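Visitor: Sequence isn't available, so here's the structure alone:
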């Protein structure tokens with residue numbers, strides 16, 4: 001990101017979302033190229049030059065690694081496989097959090113944070129595959145969920161339980 005000391009001419013504004021220096025943009029483009037992103041793939045430039053995929057691009061790329069019974073068919077075998085995988089990965093997160101409480105006095109160490117980060121990626125992969133098997137996009141799932149939560153918050157029923165509140 002640009003600093004107050006940088007001349008205004010060195011800034012580049014991308015669709016009003018983020019302001020970066022030309023150097024940051026160039027680094028982000030080099031990084032995207034090295035990671036094999038398509039030229040028209042949507043990315044968000046961050047200060048360090050890293051890139052962030054949009055949800056649908058993630059889902060599309062994740063499907064290239066989907067090797068399981070019935071992959072891509074949306075049949076019961078595929079749904080069961082990804083649902084069980086999602087549950088298993090969520091269980092691994094719960095187990096690692098349990099160990100933080102039991103072994104680390106509730107302090108999340110750098111190692112535990114890295115382990116949780118990895119498991120969260122696995123949860124995301126299975127969520128993307130579940131969306132794929134259901135024939136919907138991960139972005140549409142996220143958008144619908146945010147709308148549901150906003151509606152519940154507006155009606156002051158965000159707490160509590162029940163799918164139809």
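Guide: Thanks, I have it. It should be emphasised that the depicted structure is a prediction, and the values quoted were computed from it without experimental measurement.

Visitor: Where is the longest helix in this structure?
Guide: Counting by DSSP state H, the longest helix found in the chain is helix 76-103.

Visitor: Could you list every helix and strand that it packs against?
Guide: helix 110-134 (3 or more C-beta pairs under 8 Å, 6 or more residues apart in numbering; DSSP states H and E). C-beta here means a position set from N, CA and C on the backbone, and glycine is covered the same way.

Visitor: by contact count, what packs against the following helix or strand past the helix it packs on?
Guide: The C-terminal neighbour of helix 110-134 among helices and strands, as given by DSSP states H and E, is helix 138-154. Counting contacts by 3+ C-beta pairs under 8 Å, 6+ apart, helix 138-154 packs against helix 55-62, helix 110-134.

Visitor: got the angle for the longest helix of the chain vs helix 110-134?
Guide: Between helix 76-103 and helix 110-134, the angle comes out at 160 degrees (axes from the mean of the first three to the mean of the last three C-alpha atoms, to 10 degrees).

Visitor: Check which residues of helix 76-103 are buried.
Guide: 78-79, 81-82, 85-86, 89-90, 92-93, 96, 100 (16 or more other C-beta atoms under 10 Å).

Visitor: burial of residue 133, as a residue count?
Guide: Neighbours of residue 133 under the rule other C-beta atoms under 10 Å: 24.

Visitor: mind putting the buried residues of helix 76-103 in TSV, distance to residue 158 and pLDDT included?
Guide: Conversion of these to TSV gives the following (distance: C-beta to C-beta, whole Å; pLDDT from 0 to 100):
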residue	distance to residue 158	pLDDT
78	33	98
79	29	98
81	33	98
82	28	98
85	29	98
86	24	98
89	26	97
90	22	98
92	28	97
93	23	97
96	27	96
100	27	96
